[in-house]
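Asker: Generate a structure from the sequence data that follows.
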Amino acid sequence: MTPARQLRDVEYSRPDGRSLRLDASLPASAGPTAAAIIVHGGGWTRGDRRIDVQPLFKPLSDAGFAWFSISYRLATDITQFGVAVDDVAQAVRFVKRHAGEYNIDPNRIALIGESAGAQLAAMAALRAGPEASVRAVVALYAPTDLVSLYQHSTFIPAQIRNGVHGTPWESLIVAGLSQLSPIENVRREMPPFLLIHGTADSLVPFSQSTRMCARMRQVGASCEIYPLDGAGHGVRWWESSPRLANGYKYKMVHWLEEELGSRRPTSRALDGCEKDGPHTTE
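Answerer: Down below sits the predicted model:
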């Protein structure tokens, strides 16, 4: 089999003079292939497009998908929080504009995000116009309700929360977080979502995914949850358990094949992976 073409450090956008780059893997194919754009996590303030999401690369490549792993503007201060949603949308536009060069189908593109990157991917999909629209979204342990996390997460120091409680700043913060919360922006016409989440996640509670899926179904949108029983936060941590790693990878690839219309058989795509993971919640 002809190896995939690898691209590194391709500039896809330059907001305010800052170069944003991506890496890509483009399979050899006679016809246009489906593609995934990957958004790493890191609490919006850090993260690496090559390290944090590395476990996702091989299953996507083995399934015959093109993939693009992007960097984006990190929130170095509160004024920068949320700007990366625009970066994700710009990456989608860039990939679509270069679809012919990359031999991909611009109508078969999915976004895949993990942790903070899942919130960014979800919001980019929810806000997208025609030029940045995607066919599907895979959100791994996504913070979908930022207001709830701000109010209840033990990872936010109490002195920070208490310092703004009851002040005009608190109202502004809550309003801003609500605007950036996927759960507050669902709509019937949104693309289908696959939510993958560990049930023992102490950083982003599993309920963030169950409540998001319930809200989507209320408006008539399509959603699936794939729970990983007893799992915590992070695909790199899941690698230590073949049961967890193989289960979610099989589900992710199989779901993307169905949503993007891939013709590659899943059995070949994940040869050696365990197909019997946790049950999907319906």
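
Asker: contacts, neighbours, all on C-alpha from now
Answerer: OK.

Asker: Distance from the chain centre to the helix or strand encompassing residue 59, please.
Answerer: Using DSSP states H and E, residue 59 sits within helix 57-62. Offset of helix 57-62 from its chain centre (C-alpha atoms, centre = their mean, to the nearest Å): 16 Å.

Asker: Adjacent strands (with direction) for the next helix or strand after that helix?
Answerer: Using DSSP H and E, the helix or strand that directly follows helix 57-62 along the chain is strand 66-70. Within its sheet, strand 66-70 is paired with strand 20-26 (antiparallel), strand 33-39 (parallel), according to DSSP bridges.

Asker: Single out the most deeply packed of the ones you listed.
Answerer: Mean neighbour count (mean count of other C-alpha atoms under 10 Å) peaks for strand 33-39 among the strands paired with strand 66-70, with a mean of 27.

Asker: residues making contact with it?
Answerer: 27, 49, 53, 64-71, 88, 91-92, 103-106, 108-114, 117-118, 120-121, 260-262 (C-alpha atoms under 8 Å, 6 or more residues apart in numbering).

Asker: re the thing from before, for the helix holding residue 59, which positions count as buried?
Answerer: Residues of helix 57-62 classed as buried: 57, 59, 60, 61, 62 (neighbour count, 16 or more other C-alpha atoms under 10 Å).

Asker: Quick one: residues contacting the fourth one.
Answerer: The reference is to residue 61. Applying C-alpha under 8 Å, 6+ apart to residue 61 gives the contacts 4, 25, 27, 67.

Asker: Likewise for the first one?
Answerer: The neighbours of residue 57, taking C-alpha under 8 Å, 6+ apart as the test, are residue 67.

Asker: Return the member of the buried residues of helix 57-62 nearest to residue 177.
Answerer: The closest of the buried residues of helix 57-62 to residue 177 turns out to be residue 57 (C-alpha to C-alpha; 30.9 Å).

Asker: Please report the distance of that closest one from residue 259.
Answerer: Distance of residue 57 to residue 259, computed by C-alpha to C-alpha, to the nearest Å: 19 Å.

Asker: Residue 142 now?
Answerer: Using C-alpha to C-alpha, residue 142 is found at 20 Å from residue 259.

Asker: Looking at these two, which is more packed in?
Answerer: Using other C-alpha atoms under 10 Å, the more surrounded residue of residue 142 and residue 259 is residue 142, with 28 against 18.

Asker: Surely that one and residue 209 touch.
Answerer: Yes - counting by C-alpha atoms under 8 Å, residue 209 is a contact partner of residue 142 at 6.8 Å.

Asker: shared neighbours, those two?
Answerer: Taking C-alpha under 8 Å, 6+ apart as the contact rule, residue 142 and residue 209 both touch 195, 197.

Asker: So, low pLDDT: which residues of the stretch 51-200 of the chain?
Answerer: For the stretch 51-200 of the chain, the stretches with pLDDT under 70 are 154-167, 169.

Asker: for it, what spans make up the strands?
Answerer: For the stretch 51-200 of the chain, the strands defined by DSSP state E, counting those that start in this stretch occupy 66-70, 104-114, 136-140, 193-198.

Asker: what's the spacing between the closest residue to residue 179 other than its chain neighbours and residue 225?
Answerer: Leaving aside its chain neighbours, residue 179 sits nearest to residue 185 (7.5 Å; criterion: C-alpha to C-alpha, 6 or more residues apart in numbering). Here the distance between residue 185 and residue 225 works out to 18 Å (C-alpha to C-alpha).

Asker: repeat for residue 214
Answerer: Using C-alpha to C-alpha, residue 214 is found at 10 Å from residue 225.

Asker: quick one: which of these two has more around it?
Answerer: More crowded of residue 214 and residue 225, by other C-alpha under 10 Å: residue 225, with 20 against 15.
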